[in-house]
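In: Next input, structure requested:
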Amino acid sequence: MRQSKYSFFVEIYQCGSFSKAAEKLNYTQSAISQFVQSLENDLGVTLLHRSKKGFVLTTDGERMLPIFTDIHDSEKTLSDMLADNPEQLKSKIRIGVFPSISCSILPEAMQSFSQKYPLIDYQVLQGNYNEVEDYIVNGKVDFGFIHYPSIHQLDNHVFDPEPLVVFFRQDHPFSGRSVIPITEMENEKFILNDDGGVTAFLDHFRKNHVRLNITQIVKGNLSQIGFVTAGLGIGMLPQSMIPILPSTVSWCQLDNPPTRTIALACRDYRRLSKVNKLFYSEILAVHKNK
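Out: As a prediction, the model looks like this:
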């Protein structure tokens with residue numbers, strides 16, 4: 001259940017200033033100011049008198065605040081009540097993911113959660129690491145998966161590092177080998193997936209004095225798999241994506257593989273709705289059982 005603009009105004013008022021509201025609600029002061037102005041325009045009244053010291057309620061603001069507060073309290077009560085009655089809980093969950101999550105953790109979490117809460121709708125926004133982080137920061141999703149560490153101040157649940165594996169056509173000389181030395185990567189045409197984490201990926205090879213022969217740079221794992229399937233080179237992807245590789249493709253490990261660390265992140269976990277927190281926990285449980 002999403003919070004109404006009236007309920008959100010109450011939380012801003014309780015903070016006492018735009019700067020404190022911005023810090024608590026994880027928005028910029030400009031965004032807080034614009035929100036209040038938008039609400040005032042909708043209602044056709046001025047709710048706050050602004051000053052360098054903060055703000056005070058206008059006469060209209062004082063008159064309307066008790067009504068807004070009742071809405072705020074009722075929404076919280078209703079949200080908690082619905083979350084305790086799965087058959088009645090109807091809400092939308094907005095989540096940001098990148099491809100490896102779309103084909104591994106997310107579908108299983110959505111399936112198991114929908115069995116408990118059948119009226120839930122999902123809005124899934126897919127992007128690379130940087131794009132998903134922007135979705136979270138800009139409020140396009142409630143929470144999502146990011147590459148860790150983050151460039152923004154977010155609430156994170158960090159997962160264990162995941163190794164990347166080498167994949168190639170079955171007629172490639174690497175076929176039949178379970179592990180190859182990292183130095184052998186230098187001799188291969190490499191298809192690089194620009195997923196937003198390229199710098200850390202390439203740094204791993206530089207630190208190991210290996211220079212990749214990058215012949216193609218693509219956007220997305222599916223494009224990368226297509227190029228490799230066509231025999232244009234080899235690639236690397238997260239171990240969790242092995243199940244989606246086509247039957248004409250094989251894979252093996254490096255003796256010193258690069259890893260990626262991902263996290264489930266949101267602007268402020270405390271401000272997530274109860275249903276979002278429930279789905280957040282569902283994802284963690286699915287990942288734990290992988």
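In: CA only for contacts and neighbour counts going forward, please
Out: OK.
In: hey, which helix is longest across the chain?
Out: helix 59-83 (DSSP state H).
In: next helix or strand past it?
Out: Moving toward the C-terminus from helix 59-83, the next helix or strand (DSSP states H and E) is strand 92-97.
In: Export that following strand to CSV, keeping only CA atoms.
Out: Provided in CSV are the C-alpha atoms of strand 92-97 (Å, rounded to 0.1, in the frame of the first residue of the first chain):
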residue,chain,number,x,y,z
LYS,A,92,2.1,-3.0,-6.2
ILE,A,93,5.8,-3.8,-5.6
ARG,A,94,8.3,-1.9,-7.7
ILE,A,95,11.7,-3.5,-8.0
GLY,A,96,14.8,-2.8,-10.0
VAL,A,97,16.9,-5.7,-11.3
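In: List of residues touching the very next helix or strand once past that strand?
Out: The element immediately downstream of strand 92-97 (helix or strand, assigned by DSSP H and E) is helix 99-102. Here helix 99-102 makes contact (C-alpha atoms under 8 Å, 6 or more residues apart in numbering) with 126-128, 145, 220-221, 238, 240-241.
In: Average pLDDT for helix 99-102, rounded please.
Out: The average pLDDT within helix 99-102 is 86.
In: C-alpha coordinates for that helix, PDB please?
Out: Extracted in PDB, the C-alpha atoms of helix 99-102 (Å, rounded to 0.1, in the frame of the first residue of the first chain):
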ATOM      1  CA  PRO A  99      19.500  -9.700 -16.100                       C
ATOM      2  CA  SER A 100      21.100 -12.300 -13.900                       C
ATOM      3  CA  ILE A 101      18.500 -11.500 -11.100                       C
ATOM      4  CA  SER A 102      15.700 -11.700 -13.700                       C
END
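In: and it, how far out from the chain's middle?
Out: Taking C-alpha atoms, centre = their mean, to the nearest Å, one finds helix 99-102 lying 11 Å from the centre of the chain it belongs to.
In: Then stretch 259-271?
Out: Distance of stretch 259-271 from its chain centroid, counting by C-alpha atoms, centre = their mean, is 7 Å.
In: Domain-wise, how is the chain divided?
Out: Residue ranges for the domains of the chain, per automatic domain parsing: 5-83, 88-159+262-288, 162-258.
In: before we move on, back to that, from the contacts of helix 99-102, pick the one nearest Glu11.
Out: Phe145 (27.1 Å; C-alpha to C-alpha).
In: Number of residues surrounding that closest one?
Out: The number of residues packed near Phe145 is 24, by other C-alpha atoms under 10 Å.
In: my guess is it meets Arg94, correct?
Out: No. Using C-alpha atoms under 8 Å, Phe145 is not in contact with Arg94, being 11.8 Å away.
In: And Asp255, its phi and psi?
Out: Torsion angles at Asp255 (phi, psi; degrees, to the nearest 10) stand at phi -70, psi -20.
In: who's in contact with it?
Out: By C-alpha under 8 Å, 6+ apart, the contact list for Asp255 reads 179-182.
In: So which residues make contact with the lengthiest strand in the chain?
Out: In the chain, taking DSSP state E as the definition, the longest strand is strand 162-169. If you take C-alpha under 8 Å, 6+ apart as the criterion, strand 162-169 is touched by 174-175, 228-229, 231, 233-239, 248-254, 257-261.
In: The residues you listed, buried ones only, as a PyMOL selection?
Out: In PyMOL, a selection of the buried entries from these looks like this (16 or more other C-alpha atoms under 10 Å):
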select buried, resi 174+228+229+231+233+234+235+236+237+238+239+249+250+251+252+253+254+257+258+259+260
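In: Just the ones in strands from the contacts of strand 162-169, please.
Out: Within those, residues falling in strands by DSSP E are 235-238, 249-254, 259-260.
In: Just the buried ones out of the contacts of Asp255, please.
Out: Here, 16+ other C-alpha under 10 Å leaves 180, 182 buried among the contacts of Asp255.
In: so what pLDDT did the nearest residue to Gln29 once chain neighbours are set aside get?
Out: Distances taken as C-alpha to C-alpha, 6 or more residues apart in numbering place Ala22 nearest to Gln29, at 5.3 Å, with adjacent residues excluded. At Ala22, the pLDDT value in this model is 81.
In: pLDDT value on Leu125, please?
Out: pLDDT, the model's per-residue confidence, is 94 for Leu125.
In: Low-confidence regions, the stretch 1-150 of the chain specifically.
Out: Along the stretch 1-150 of the chain, the parts satisfying pLDDT under 70 run over 1-3, 78-90.
In: where's stretch 155-171 relative to the chain centroid, distance-wise?
Out: The answer for stretch 155-171 is 17 Å, by C-alpha atoms, centre = their mean.
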